[in-house]
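In: Give the three-dimensional model of this entry:
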Amino acid sequence: MSEQILMPIGTNNTENLLQAKCSLEKARQAHERYLIRQQNSDLQEAIEYYVDAVKLDPTIAEGDYRLASLMWEQGQISVKTAIEQCKTACSLAPANMNAHMYAGFFMKLAHDYCAAEAEFKSAIKMSKFKSARPRLILAQSILQKINNKDGNFADYAGLLYYFLTGSMMLAWDVPSIKMFYKNFADDVSVFKFNTLGKLLEKFRMLPAAENVYKKAVEVTEHDEVFYNRMGDIALKNKEYEIAVDSYKKVLCANPLNRDVWVKLATVLQTFFPDLKDETIDCYEKLLELDEDKAPIYYELGHLYMAKEDKINSISAFKLSVELSPENPFYNNSLAYAYSKAELYDDAIYHYQKAIDINPDREWTSIVCQALGTLYVEVNGNVDAAVATYQAGLILDPNNYDLYLALGDIYMADYDLDKAIRSYCDAITLNPADYRGYSKAGIALWEKDYLEEALVAYHKAVELNPSNEFAHNNLGILYLDGLMDAEHALEYFEQAIELNPSYTLAYFNAARASEKMEFTNDAAHYYQMAIDLNKITNDLDENDIKVRLHKLFEL
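Out: Next comes the predicted model:
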């Protein structure tokens, strides 16, 4: 049977009304037998008669809430659909106490405790002195709220009030006493273990709290509540595999627990990057449970991106944007996905949209950097890239990387003065970062400012001694600028030590050795450069061979 119960409007004549009453009575009898015998055949019969009653007389409220209860119990409808059916019953019979009680029951299952309490209180108001059941069920709802969330003083006071007043009124509802106290005793048992466990957690006695929760699972069989607690403790202890196992056990007990699906997805995504498919399954399950789907599609997009699944990543980000078109972060991620798929026009459009929304000046300046890079690397549009970078710097004048990117564009365009100015602005902003000095050193060398270039590269090496490129470039300045082959060789050898596969460093070391007439060393370095160049293709192999052969010419 489908999620929605279609209730056609029948002819409201006497015959239909009599047949509806007859079907309703048969449904009640089958329902009662089911409660006693727990036979599935009785359940099916009750459902069929309730459906018949509703079809014959759509104004029968009892048919709606009873049918919602039975169909939910059999798994034919969701809690959400059951709530809607009960709301229909309440609208048909606003004074029907049971309709409000059933509505409150399903709202409690959905963890919407405030709405549930409102329905139970409506039932109490209607029943007056015969309100034992709604009072006690409301007390039970408050107790479950305390068990699942952190209760406040008003919750404890409400629990005590409705339990005591409901107990006093039980004289008018004796048949419900035995069944209610059985359920309430179960909740009290959960409350006892839960309270003790929370107290131990508060005093940082996590192993003891975990033992309490393990015992609680054995005694109460409430896997959902206590495995959830154990998962949270394992997460605090950084025992991520145990946390995942605990959350999975919660979901075995209740596959509709949205909060635990979120926890499981977050733990898997954060601490188990290799389990991308399992994390994707979690988010897809959340799509079934959560009405706010845009953030879920957003997370799915990142997971597919990590798997290098460009098509699915674009689809997921696109769905998040469709659901929330004015979200700048969704637009930015969709733009990035498009750029990875080489759909550059779409990427530019969504980058521009993210920038227009501008939720935060610092964040938007970073997006400007991404868009500017796209302009220059893909479209070759230097002017658009420069304008975009400059717009980013207006938004965030402290964006160090933007100054470097702007300098790189000027450098590529061989506008050395502007490049030097941009790199110097970056150095002024962050004098502790070696990158600004390295880039400035190249621009200064190209401008024939040898002494300034030497200062810049010495500073770059000082700030980052493990940067082989800075050592190599500093060696070039000494070799080709100061004609100091001895100092140059020291820097080339340091670059080789830092990166034994650095082809250019071997070539330069060979040149320095050749200048110092260390023929064998020069030959060794040239040969190493030839061998590595077959892999890296950084240099012209013929040029290296010519230099090598010239070493041994008479």
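
In: hey, let's count contacts and neighbours off CA atoms from now on
Out: Will do.

In: Backbone dihedrals for Asn499, please?
Out: When read as degrees, to the nearest 10, the backbone of Asn499 gives phi -140, psi 90.

In: and it, how many neighbours?
Out: 15 (other C-alpha atoms under 10 Å).

In: ok, now which ones touch it?
Out: Counting by C-alpha atoms under 8 Å, 6 or more residues apart in numbering, Asn499 makes contact with Glu468.

In: For it, give its distance to Lys353.
Out: Going from Asn499 to Lys353 by C-alpha to C-alpha, to the nearest Å gives 43 Å.

In: can you give me the end-to-end distance of stretch 270-283?
Out: Stretch 270-283 end-to-end distance (C-alpha to C-alpha) = 14 Å.

In: Could you do stretch 117-137 as well?
Out: End residues of stretch 117-137 are separated by 10 Å (C-alpha to C-alpha).

In: ok now it, how far from the chain's centre?
Out: Mean-position distance between stretch 117-137 and its chain equals 41 Å (C-alpha atoms, centre = their mean, to the nearest Å).

In: Distance of Asp484 relative to Leu450?
Out: As judged by C-alpha to C-alpha, Asp484 and Leu450 stand 13 Å apart.

In: whoops, Gly372 was the one
Out: As judged by C-alpha to C-alpha, Gly372 and Leu450 stand 31 Å apart.

In: And these two? Which one has more around it.
Out: Neighbour count, other C-alpha under 10 Å: between Gly372 and Leu450, Gly372 has more, with 30 against 18.

In: Check the secondary structure at Glu291 for me.
Out: Classification of Glu291 using DSSP: H, G, I helix; E, B strand; the rest coil returns coil.

In: Not counting its neighbours along the chain, what's nearest Ala89?
Out: Spatial nearest neighbour of Ala89, excluding adjacent residues (C-alpha to C-alpha, 6 or more residues apart in numbering): Ala61 at 4.4 Å.

In: Same check on Glu299?
Out: In space, and not counting its chain neighbours, Glu299 is closest to Tyr283: 7.8 Å by C-alpha to C-alpha, 6+ apart.

In: what's downstream of the worst-scoring helix or strand of the chain on mean pLDDT, the next helix or strand?
Out: Least confident helix or strand, the chain: helix 14-37 with a mean of 73, by mean pLDDT, DSSP states H and E. Later in the chain than helix 14-37, the nearest helix or strand by DSSP states H and E is helix 40-56.

In: what's Leu551 sitting at in phi/psi?
Out: Phi and psi for Leu551, reported as degrees, to the nearest 10, are phi -60, psi -30.

In: Surely it touches Asp521?
Out: No - Leu551 lies out of contact with Asp521 (C-alpha atoms under 8 Å); the separation is 10.6 Å.

In: which residues are common contacts for those two?
Out: With C-alpha under 8 Å, 6+ apart, Leu551 and Asp521 have common neighbours Glu514.

In: low pLDDT regions in the protein?
Out: Along the chain, the parts satisfying pLDDT under 70 run over 1-13, 32-42, 150, 170-183, 186, 554.

In: And Ile394, how close does it get to Tyr403?
Out: For Ile394 relative to Tyr403 (C-alpha to C-alpha), the value is 11 Å.

In: how's this protein carved up into domains?
Out: Per automatic domain parsing, the structural domains of the chain span 1-93, 299-359.

In: Can you report how many residues lie near the residue nearest to Asp346 when sequence neighbours are not counted?
Out: If you skip the residues right next to it in sequence, Asp346 has Tyr338 as its closest partner in space, 6.4 Å away by C-alpha to C-alpha, 6+ apart. Applying other C-alpha under 10 Å, we find 23 residues neighbouring Tyr338.

In: next one: the one 10 residues further on
Out: For Ile348, the tally of surrounding residues (other C-alpha under 10 Å) stands at 21.

In: Now do the phi/psi pair for it.
Out: Dihedral angles of Ile348 (phi, psi; degrees, to the nearest 10) stand at phi -60, psi -40.

In: for it, what are its contacts?
Out: Ala335, Leu371, Leu374.

In: rewinding a little: tell me which residues are up against the least confident helix or strand of the chain.
Out: So helix 14-37 is in contact with 39-40, 42-43, 45-50, 52-54, 56-57, 63, going by C-alpha under 8 Å, 6+ apart.

In: cool, stretch 148-165 as well?
Out: The contact list for stretch 148-165, computed with C-alpha under 8 Å, 6+ apart, reads Ala132, Arg135, Leu136, Leu138, Ala139, Gln140, Ile142, Leu143, Lys145, Ile146, Val225.

In: List the buried residues of it.
Out: Asn148, Asp155, Leu159, Tyr162, Phe163, Thr165 (16 or more other C-alpha atoms under 10 Å).

In: export the helix or strand where the second one lies as CSV, just CAs?
Out: With the criterion set as DSSP H and E, the secondary-structure element containing Asp155 is helix 153-168. Listed in CSV are the C-alpha atoms of helix 153-168, where the atom choice follows Å, rounded to 0.1, in the frame of the first residue of the first chain:
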residue,chain,number,x,y,z
PHE,A,153,14.0,22.0,35.5
ALA,A,154,10.6,22.6,33.8
ASP,A,155,10.8,19.2,32.1
TYR,A,156,11.4,17.4,35.4
ALA,A,157,8.6,19.4,37.1
GLY,A,158,6.2,18.6,34.2
LEU,A,159,7.1,14.9,34.4
LEU,A,160,6.3,14.8,38.1
TYR,A,161,3.1,16.8,37.8
TYR,A,162,1.6,14.8,34.9
PHE,A,163,2.6,11.5,36.3
LEU,A,164,1.1,12.2,39.7
THR,A,165,-2.1,13.7,38.4
GLY,A,166,-2.5,11.0,35.8
SER,A,167,-2.0,8.3,38.4
MET,A,168,-4.7,9.9,40.6
